[in-house]
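1. my questions concern the predicted model and sequence given below.
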Amino acid sequence: MARTVLPNETIPEGRGVLGPPDVHLLGRMHREREFFNQRVRPAEVEEAALRVPPHLEQELEPEVVSLTQMMAGKTVCDYGCGWGILSSYYAQCGAQVYCFDISEANIALTCRAARINGVAGRLWAQVMAGEWLAYPQEFFDFVIGNAVLHHVDIVRAAAELRRVLKPGGRAIFVEPLGENTLLEWTRRCPLRSAAHQHSPDEHSLRYAEIRQLERFFERVEVRETRLLRMLVRALEEFPFARAAGVSRNWLRRVSVRLGRADEWLLRRCPWLKPLCQYVVVTLEKRETRGAVR
Ligand SMILES: C[S@@+](CC[C@H](N)C(=O)[O-])C[C@H]1O[C@@H](n2cnc3c(N)ncnc32)[C@H](O)[C@@H]1O
């Protein structure tokens with residue numbers, strides 16, 4: 001059975017290098033937790049929705065794929081794990097996975113997903129906030145987060161990330177990019193289905209915000225992704241696509257092709273990069289000391 005670690009159970013040293021969260025941040029954490037707890041009733045989620053899908057690798061960004069190829073025997077954190085499908089996948093890749101989320105409902109689903117995917121023995125799930133981690137210092141080889149950094153206080157999160165990463169450790173986040181005004185408008189459009197509504201405090205990352213990470217990490221690399229490929233997401237969301245019998249397999253094939261077209265296009269027209277839907281942020285910790293510059 002996947003272990004749900006109790007708060008404080010694994011805290012050999014102090015946490016929160018920037019001190020405890022203030023009232024403003026606590027309010028934000030509370031709203032996020034409520035938002036995600038209310039979105040789902042764990043008991044009603046079907047088993048099939050928690051299985052690692054067979055072609056998951058094709059959906060992942062190349063930076064994440066290359067990390068998964070190095071994961072065997074490593075200690076990996078799935079940061080803001082949601083339902084924990086990726087956490088289970090990382091465990092299937094041979095990692096010892098520690099994952100956390102601010103929502104209790106999501107952590108309940110993560111534990112169920114671990115059992116369903118047969119990896120409960122090497123997955124530890126915990127309710128926790130990204131700005132206030134309970135993990136020991138220099139604990140992780142890798143940290144991976146999918147669509148989560150834009151939900152947290154990025155400066156606090158970065159300070160904590162640096163603390164828990166081993167020297168030489170790497171963190172990768174795949175996050176919505178907020179430089180495309182039209183895309184931002186569609187993201188906030190009230191006509192979107194309930195499943196795609198935004199929490200009150202989340203916001204797509206801007207370049208200025210990403211640059212703040214340079215205070216904490218020796219290497220910060222940014223790669224924009226999903227320009228044409230964002231059309232697939234739009235199709236997935238349109239009810240008529242489902243009604244017209246557009247299959248997931250077909251969408252996946254189109255997605256892979258558009259991904260290749262994006263690579264070609266963005267190499268030739270770099271000025272299109274800010275219009276992309278997502279950004280992949282790679283952070284590397286090279287030193288042992290001198291955390292915040
Ligand atoms: C868009 S979902 C992504 C979930 C998951 N990574 C995935 O790919 O399915 C964002 C997640 O961030 C979590 N979250 C929001 N604020 C958080 C915080 N301060 N600390 C930890 N998790 C948080 C939410 O509960 C939610 O599960």
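-> In hand now; what should we look at?

2. ok, and what's touching the longest strand anywhere in the chain?
-> The single longest strand within the chain, with elements called by DSSP state E, is strand 165-176. Strand 165-176 is contacted from outside by 61, 63-64, 67, 79, 138-150, 161, 187, 204-205, 217, 225, 277-288, using CB atoms under 8 Å, 6 or more residues apart in numbering. Every C-beta, even on glycine, is put in place using the N, C-alpha and C of the backbone.

3. so how do I select the buried members of those residues in ChimeraX?
-> In ChimeraX, a selection of the buried entries from the contacts of strand 165-176 looks like this (16 or more other CB atoms under 10 Å):
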select :61,63,64,67,79,139,140,141,142,143,144,145,146,148,149,150,161,187,204,205,217,225,277,278,279,280,281,282,283,284,285
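
4. give me the subset of the contacts of strand 165-176 touching the ligand.
-> Filtering the contacts of strand 165-176 for neighbours of the ligand using CB under 6 Å from any ligand atom leaves 146-148.

5. could those residues be laid out in CSV, adding pLDDT and secondary structure?
-> Below are those laid out as CSV (pLDDT from 0 to 100; DSSP: H, G, I helix; E, B strand; the rest coil):
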residue, pLDDT, secondary structure
146, 98, strand
147, 96, coil
148, 97, coil
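
6. which one of these is nearest residue 85?
-> Lowest distance from residue 85 to these (CB to CB) belongs to residue 146, with 9.7 Å.

7. mind checking how far the nearest residue to the closest one once chain neighbours are set aside is from the ligand?
-> Of all residues not flanking residue 146 in the chain, residue 174 sits nearest, at 5.3 Å (CB to CB, 6 or more residues apart in numbering). As judged by CB to the nearest ligand atom, to the nearest Å, residue 174 and the ligand stand 8 Å apart.

8. residue 157 too?
-> Distance of residue 157 to the ligand, given as CB to the nearest ligand atom: 8 Å.

9. what's the closest non-adjacent residue to that residue?
-> Leaving aside its chain neighbours, residue 157 sits nearest to residue 130 (4.8 Å; criterion: CB to CB, 6+ apart).

10. my read is that the one you found contacts residue 159, right?
-> No. Look at residue 130 against residue 159 with CB atoms under 8 Å: they stay out of range, at 10.8 Å.

11. so residue 63 sits in a strand?
-> No. Looking at residue 63 with DSSP: H, G, I helix; E, B strand; the rest coil, it is helix, so not inside a strand.

12. please list the residues of the stretch 1-150 of the chain that sit near the ligand.
-> 29, 32, 36, 80-82, 86, 101-103, 106, 129-131, 146-148.

13. so what's the residue count around residue 131?
-> Other residues within reach of residue 131, judged by other CB atoms under 10 Å, total 23.

14. SS state for the nearest residue to it once chain neighbours are set aside?
-> Spatial nearest neighbour of residue 131, chain neighbours left out: residue 156 (3.9 Å); criterion: CB to CB, 6+ apart. Judged by three-state DSSP, the three-state class of residue 156 is helix.
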